[in-house]
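Q: give me a 3D structure for the following:
(chains A and B)
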Amino acid sequence: MQRVKAMLPEPDRRRLPIVLYHDDGRGGCRVAACCPATARRGVAAGMSLAEAQGVLGTSRRQPPRFLPYDPREDALALKELAIWAGGFSPTVGIVGEAAVALEVSGCSHLFGGEQAMSRRLQEAVRQRGLFARLGFADTLGTAWAVAECAAEACTLVPSGAEAAALCSLPVRALRVSHTTLELLEELGLRSIGQVLELPRSSLPARFGKELGQRLDQALGQLPEPIEPIVPPQPVEARWNLEYPTSDRRAVEILVGRLLEQLLASLRDAGRGIQQLELRLVNASRESLVLPLGLVSPTRSAAHLFDLLKTRLEQVPLPQEVVSVQLEVTLAAPLHARPLRLFESEATGGTGPELACLVDRLLCRLGRDRVVRAVPQADPQPERAIVWQSWLDRSAESGVSLDATTNVDDTASTGQQRPLRLYHRPIAISVVWDQEQLRLEAFCRESAEHMVSQAWGPERITTGWWRGHPIARDYYRVETTDSRRYWLFRRLRQQDWFLHGEFG
Amino acid sequence: MTTSEPSRQILDSLARQLRQLDGGRPLLSSSAARLRSTGLRTLDQLLPERGVPAGTLIECLVDGNGSGGASLALLALARLLPERGGGIVIDPERTFYPLGLHGPRGQLEQLIVVHPNGPNETLWALEQSLRCSAAAVVVGWIDRLHPHAYRRLKLAAETGGGLGWLLRSDRYRTQPSWADIRLRIRPLARGTPHTLSSTTAHSDATPSTPADRTGRAEPQQAGQRGEAHRNTLAPPERSDSTHAVWRLQLELLACRGGLGTVVAEQEWDDETGDLRLVSGVARAAGQSHAARA
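A: All right, here's what the predicted structure looks like:
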């Protein structure tokens, strides 16, 4: 939820109620999580999506947003947060699905003590658009328990006071399995204090090893080290010039040499370059950064150099370049090379060549100009296709780029659609035969088109819950000179528009 | 009567020599070159070799909006995409609507759509796409084209070996062209009588054997190009059916090795996406190279 909120633009982040939903595996959708604002209005996790939509209704001022829940994105965001937290501690790890653990022994004094460090951490996290609950303790188990279940947003547990801090907390603060939790609840054991009162030797027989192990870890009787997240080492190469240069050819030669160095360093790792940044630093220490993205990882120096040269040609070279730097911002294993990208069984091995072509087109024209059509299950023609950059496709698909995945056949309505659809429907006037209920002619920019044949109407309406609902009657018409167009009439306003043309 | 194999070879050779004598350069650079379909069986039947070699550039002159020219090019693309892959659409106006393509929705995933900004980027994108050997079919809208740039596109297509469809406005008809095949597509007004006496209809969906070159019947010679399209408007008629055929006139203005302008009428079934040759073929001899570069 926090990740999704953080991705929204600032005004929406504060204002819009958000509900995340997931597929329940039975053809329906259920609420996975919701923000506090929607929770106050009665929405809860596990509720069906339709029920949540009904509870929230439609508010024009604060229209609720229903977004799909993506646990993979959450995990990636948590890892990114853990890497960022490396600025506070040299040892940072991930605990469970939503917690980051920092080893602050020996470094809290650098921030003025644990209290001051907690304030710094809260502020830094808030600046990232997130809210954090913090717990400081001698053991990882206790720190997690107070962060998760204590009443305050930040709790500092003094050394040796772990048992006292845990006593009042619910048993779920022990990070035990769902089965153990159910068993504890059946026995009426709701707080950790009640569990601590039980004879320690009877716990394994009743609840298995897990409960005793978690208690021992929380109390410091068993070690629980933090598994540190290792941040990816930057792969970069730079060339500092003895004398500044403004010669484009000289810069290109240096880029070629640096590229060879980068590729040599990646060769042993079996990885290829998928994203790259070229930085040109001038004498005033100002940098010109040229990012480069590829649809699939490559180790082809010629291809990469060709693309970088194209990027360089698109911008004026800074005066007096003193340093040329290349950094690999994303390297991917070459065995994950998308051999099936663009390929069908019949095409046989043309994928890499097409990927090179798309790289060139993307590099010269921009990421949003080289796209593919993703059909959507939306009846509104303008929204039935979403144009997705090929670069986004390769990034989202990760290592298994398969051209035949994610095909949404629900968009197929069986109705004929025009080959050209205007960005904005063009207002037209029509001659409508009231007696025969037929379209006789339409007039577009003072040019009159007599209609010889019309097919329709095909009614397209959208639900009120989506916002800006439409209600249109579409007609395919053929004019007397045998041209074919796609028109619609808005049912409420009774006005007509030309929306596309066939052929 | 059956034709023996040696006689067929002799007839093939003689037909090729006749076409060269007629002034047309052969579409095939060598007899060993492999012919491919354009994606439209009805167009293949109008071509002297019943197909095209690799690296063929087809210029399609379109008579205004909604006239069906783009339909044919994109139908060819949709037909070839599952078979060869590597389909590219260069759409500078950003109005191409892929749901209008006939074929499975899954093939949209394989389609690369390029939205260039302005004529320079359009030309560059076309050249790059045609030059790529993995691009099997490239369809692009382009209007103004300098002869030098046009020549570059032709060379790029030959390098890449794919099939290129250039969609241009009919007003560029008088300008020189480097395309191997030059088509003009116009819709036929409803009620316009068939230009020629009807022959056996050839459906694009059920092609005849492409290799059948010598055994084919010669197209009928009736009718001239100028007579092909009569603006006889029929009274408006209505249909309650959900689809109707669309009559299009396909004029083969120029073709390497061709014997003159060829005019044929086709019917497009907008429900099934089938294209049928409904009339015979008319030839207007001596006009084949009027607008060739």
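Q: got a list of what residue B:62 touches?
A: B:69, B:70, B:167, B:168, B:169, B:170, B:185 (CB atoms under 8 Å, 6 or more residues apart in numbering or on different chains). Where C-beta positions appear, they are placed from N, C-alpha and C, glycine not excepted.
Q: okay, the residue lying closest to the third one once chain neighbours are set aside: pLDDT?
A: Distances taken as CB to CB, 6 or more residues apart in numbering or on different chains place residue B:141 nearest to residue B:167, at 4.7 Å, with adjacent residues excluded. Each residue has a pLDDT score; the one for residue B:141 is 93.
Q: so the residue nearest the centre of chain A is in which element?
A: In chain A, the centroid-proximal residue (CA atoms, centre = their mean) is residue A:73; its distance is 5.8 Å. Using DSSP states H and E, residue A:73 sits within helix A:71-84.
Q: in that helix, what counts as buried?
A: A:74, A:77, A:78, A:81, A:82 (16 or more other CB atoms under 10 Å in any protein chain shown).
Q: low pLDDT regions in the stretch 51-200 of chain A?
A: A:58-62 (pLDDT under 70).
Q: and the helices in it, which stretches?
A: Ranges of helices within the stretch 51-200 of chain A are A:71-84, A:114-127, A:140-149, A:162-167, A:178-186, A:192-197, based on DSSP state H, counting those that start in this stretch.
Q: if I look at residue A:254, how far off is chain B?
A: Counting by CB to the nearest CB, to the nearest Å, the separation of residue A:254 from chain B is 26 Å.
Q: was I right to think that residue contacts residue A:237?
A: No: contact criterion CB atoms under 8 Å: residue A:254 and residue A:237 do not qualify, at 9.9 Å.
Q: so how far is the longest helix that chain A contains from its chain's centroid?
A: Longest helix in chain A, counting residues (DSSP state H): helix A:248-267. Mean C-alpha position of helix A:248-267 versus that of the full chain (CA atoms, centre = their mean, to the nearest Å) differs by 32 Å.
Q: just checking, residue A:32 touches residue A:44?
A: No: here residue A:32 does not reach residue A:44: they are 11.0 Å apart, not a contact under CB under 8 Å.
Q: name the residue in those two with the higher neighbour count.
A: Neighbour comparison, residue A:32 and residue A:44: the larger count goes to residue A:32, with 20 against 13 (by other CB atoms under 10 Å in any protein chain shown).
Q: which residue sits closest to the more buried one, ignoring its sequence neighbours?
A: residue A:69 (3.8 Å).
Q: can you get me a residue count around that neighbour?
A: Residues near residue A:69, counting by other CB under 10 Å: 18.
Q: now it: phi and psi?
A: Main-chain torsions, residue A:69, degrees, to the nearest 10: phi -80, psi 130.
Q: please apply the same query to residue A:137.
A: Here residue A:137 shows phi and psi, under degrees, to the nearest 10, equal to phi -160, psi 170.
Q: for it, what are its contacts?
A: A:143, A:146, A:156, A:157, A:162, A:165.
Q: dump those residues to TSV, plus neighbour count and distance to residue B:88.
A: Formatted as TSV, these follow (neighbours: other CB atoms under 10 Å in any protein chain shown; distance: CB to CB, whole Å):
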residue	neighbour count	distance to residue B:88
A:143	25	56
A:146	25	59
A:156	18	62
A:157	21	63
A:162	22	65
A:165	22	64
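Q: out of these, who's nearest residue A:363?
A: residue A:143 (47.8 Å; CB to CB).
Q: quick one: secondary structure of residue A:358?
A: Reducing the assignment at residue A:358 to three states with DSSP: H, G, I helix; E, B strand; the rest coil gives helix.
Q: number of nearby residues for it?
A: 27.
Q: that one and residue A:387: what is the separation?
A: 14 Å (CB to CB, to the nearest Å).
Q: what lies in contact with the longest helix of chain A?
A: A:235-239, A:241, A:245, A:272-273, A:278, A:280, A:299, A:301, A:304-305, A:308-309, A:312, A:317, A:321, A:324-326, A:328, A:331.
Q: list the buried residues for it?
A: Neighbour-count burial for helix A:248-267 [16+ other CB under 10 Å]: A:251, A:252, A:254, A:255, A:258, A:259, A:262, A:263, A:265, A:266.
Q: TSV for these, including distance to residue B:34?
A: Output for the buried residues of helix A:248-267, formatted as TSV (distance: CB to CB, whole Å):
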residue	distance to residue B:34
A:251	46
A:252	41
A:254	46
A:255	42
A:258	44
A:259	39
A:262	42
A:263	38
A:265	45
A:266	41
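Q: which pair in the residues you listed spans the largest distance?
A: Among the buried residues of helix A:248-267, A:251 and A:266 lie farthest apart (CB to CB), at 22.3 Å.
Q: for the residue of chain A positioned farthest from its centre, which three-state class applies?
A: Centroid-distance maximum for chain A: residue A:435 at 54.9 Å, with CA atoms, centre = their mean. What three-state DSSP gives for residue A:435 is coil.
Q: that one and chain B: what is the separation?
A: From residue A:435 to chain B the distance is 14 Å (CB to the nearest CB).
Q: so who does that residue touch?
A: Counting by CB under 8 Å, 6+ apart, residue A:435 has no contacts.
Q: look at it and report its pLDDT.
A: With respect to pLDDT, residue A:435 has a value of 76.
Q: do you know how far the residue lying closest to residue A:278 once chain neighbours are set aside is from chain B?
A: Leaving aside its chain neighbours, residue A:278 sits nearest to residue A:290 (4.4 Å; criterion: CB to CB, 6+ apart). Residue A:290 sits 19 Å away from chain B, going by CB to the nearest CB.
Q: and residue A:290, that's in a strand?
A: Yes: assessed with three-state DSSP, residue A:290 lies in a strand.
Q: burial count for it?
A: By other CB under 10 Å, the burial measure for residue A:290, its neighbour count, is 17.
Q: SS state for residue B:102?
A: Residue B:102 ends up coil, using three-state DSSP.
Q: that one - how many residues pack around it?
A: Residue B:102 - counted by other CB under 10 Å - has 19 other residues nearby.
Q: I'd say it and residue B:78 touch.
A: Yes: when contacts are counted by CB under 8 Å, residue B:102 is listed as touching residue B:78 (5.5 Å).
Q: how much space separates the residue of the stretch 51-200 of chain A found nearest chain B from residue A:364?
A: At 20.0 Å from chain B, residue A:68 is the closest residue in the stretch 51-200 of chain A, using CB to the nearest CB. Residue A:68 is 34 Å from residue A:364, where distance means CB to CB.
Q: so for those two, which sits in the more crowded spot?
A: residue A:364 (19 against 12).
Q: element containing the nearest residue to the more buried one once chain neighbours are set aside?
A: Closest residue in space to residue A:364, ignoring its immediate chain neighbours: residue A:310 at 5.6 Å, by CB to CB, 6+ apart. According to DSSP H and E, residue A:310 maps onto helix A:301-313.
Q: right, and the helix or strand after that helix?
A: Immediately after helix A:301-313, counting by DSSP H and E, sits strand A:321-333.
Q: packing partners for that following strand?
A: strand A:235-245, helix A:248-267, strand A:271-282, strand A:287-298 (3 or more CB pairs under 8 Å, 6 or more residues apart in numbering or on different chains; DSSP states H and E).
Q: so where do the strands sit in chain B?
A: Counting by DSSP state E, chain B has strands at residues B:56-62, B:87-90, B:112-114, B:137-141, B:163-169, B:181-187, B:202-203, B:245-255, B:261-269, B:275-277, B:282-284.
Q: in its sheet, what does the second one sit against?
A: The strands beside strand B:87-90 in its sheet (DSSP bridges) come out as strand B:112-114 (parallel), strand B:137-141 (parallel).
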